[in-house]
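A structural model of the following input is requested.
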Amino acid sequence: MKYKYILSILVMVLAVHCSFKTEDISIRGDKTMLEDQVLGAFEQIESDTWVVASTRSVGGGQTQTMSAQRQNVLESVQNRKFNKDEIDEFKKEQVLGENNKGYLEILPTEKYESDSQYKRIIDQIVTEENQDRKVIYERILAINPSAAAADEEERNKIFAKLNIDNSPDGTLIQKSDGSWSGK
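Numbers count the residues shown, from 1 in each chain. Got it, this is the predicted structure:
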């Protein structure tokens, strides 16, 4: 009798346990939310370039005016789009890599060292790209208080991740210890 009672309780417990399906729950930390906020701000800036490019005038032929800062940001986004193909090609050649602070870095190759015209092109593109990134990063920090409040190292990681995610396979990526590996 005692065993029947224990067996029936065990069967009920198993039945109850098996009849409920538990859902997977993922908890997002502040880092992920901050990354989402920065990415959202970046995507908003990029979409603004499309709006400005498609809106050539307002009203009776008057041109649209905007702040110098906003104009600078939009020009930086457009310049990055213009240079993207060349930058991706140089990343594939592994003369450029993404450093752990969110900027492009030159990784001198034999061709870079021996071909002065090639070196000049690389230097110019890296200077332009890093300046454009700086302008965009500063705008993201200006419009996003959470990102501005984060420490510089955390912001650099987020900006680096954003650029790494948009880089072609094979791009050299600088790890936090300063070493380089392929994406």
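
Give the next helix or strand downstream of the longest helix seen in the chain.
For the chain, the helix with the greatest residue count under DSSP state H is helix 116-143. Using DSSP states H and E, the helix or strand that follows helix 116-143 in sequence is helix 145-149.

Enumerate the positions of the helix or strand following that following helix that are buried.
Downstream of helix 145-149, the next assigned helix or strand under DSSP H and E is helix 152-165. Neighbour counts using 16 or more other CB atoms under 10 Å place 155-164 of helix 152-165 among the buried residues. For every residue, glycine as well, the C-beta is placed using N, CA and C.

And the longest helix of the chain, what does it pack against?
Helices and strands touching helix 116-143, by 3 or more CB pairs under 8 Å, 6 or more residues apart in numbering; DSSP states H and E, are helix 30-54, helix 68-92, strand 104-106, helix 110-114, helix 145-149, helix 152-165.

what do you get if the cut-off is 6 Å, keeping everything else the same?
Packing contacts for helix 116-143, counted by 3 or more CB pairs under 6 Å, 6 or more residues apart in numbering; DSSP states H and E, involve helix 30-54, helix 68-92, strand 104-106, helix 145-149.

angle of that helix against helix 152-165?
Helix 116-143 and helix 152-165 are oriented at 120 degrees to each other (axes from the mean of the first three to the mean of the last three CA atoms, to 10 degrees).

And helix 116-143, what's buried?
In helix 116-143, counting by 16+ other CB under 10 Å, buried: 118-119, 122, 125-126, 128-130, 132-133, 135-137, 139-141.

tilt between it and helix 68-92?
140 degrees.

Just want the phi and psi numbers for residue 94.
The phi/psi pair for residue 94 (degrees, to the nearest 10) reads phi 60, psi 30.

where's it relative to residue 67, distance?
With distances taken as CB to CB, to the nearest Å, residue 94 is found 39 Å from residue 67.

More neighbours: the two, which one.
Looking at residue 94 and residue 67 with other CB atoms under 10 Å, you find the greater number of neighbours at residue 94, namely 14 against 8.

So what sits opposite the residue lying closest to the more buried one once chain neighbours are set aside in the bridge?
Of all residues not flanking residue 94 in the chain, residue 172 sits nearest, at 5.5 Å (CB to CB, 6 or more residues apart in numbering). For residue 172, the beta-bridge partners are residue 97, residue 182 (DSSP bridges).

can I assume residue 172 is in contact with residue 95?
No - Residue 172 is beyond contact range of residue 95, at 9.3 Å (criterion: CB atoms under 6 Å).

quick one: low-confidence parts of the protein?
1-66 (pLDDT under 70).

Am I right that residue 168 is in contact with residue 88?
Yes - counting by CB under 6 Å, residue 168 touches residue 88, with 5.1 Å between them.

Looking at those two, which is more packed in?
Higher neighbour count among residue 168 and residue 88: residue 88, with 16 against 11, using other CB under 10 Å.

For residue 174, see how far away the more buried one is.
17 Å.
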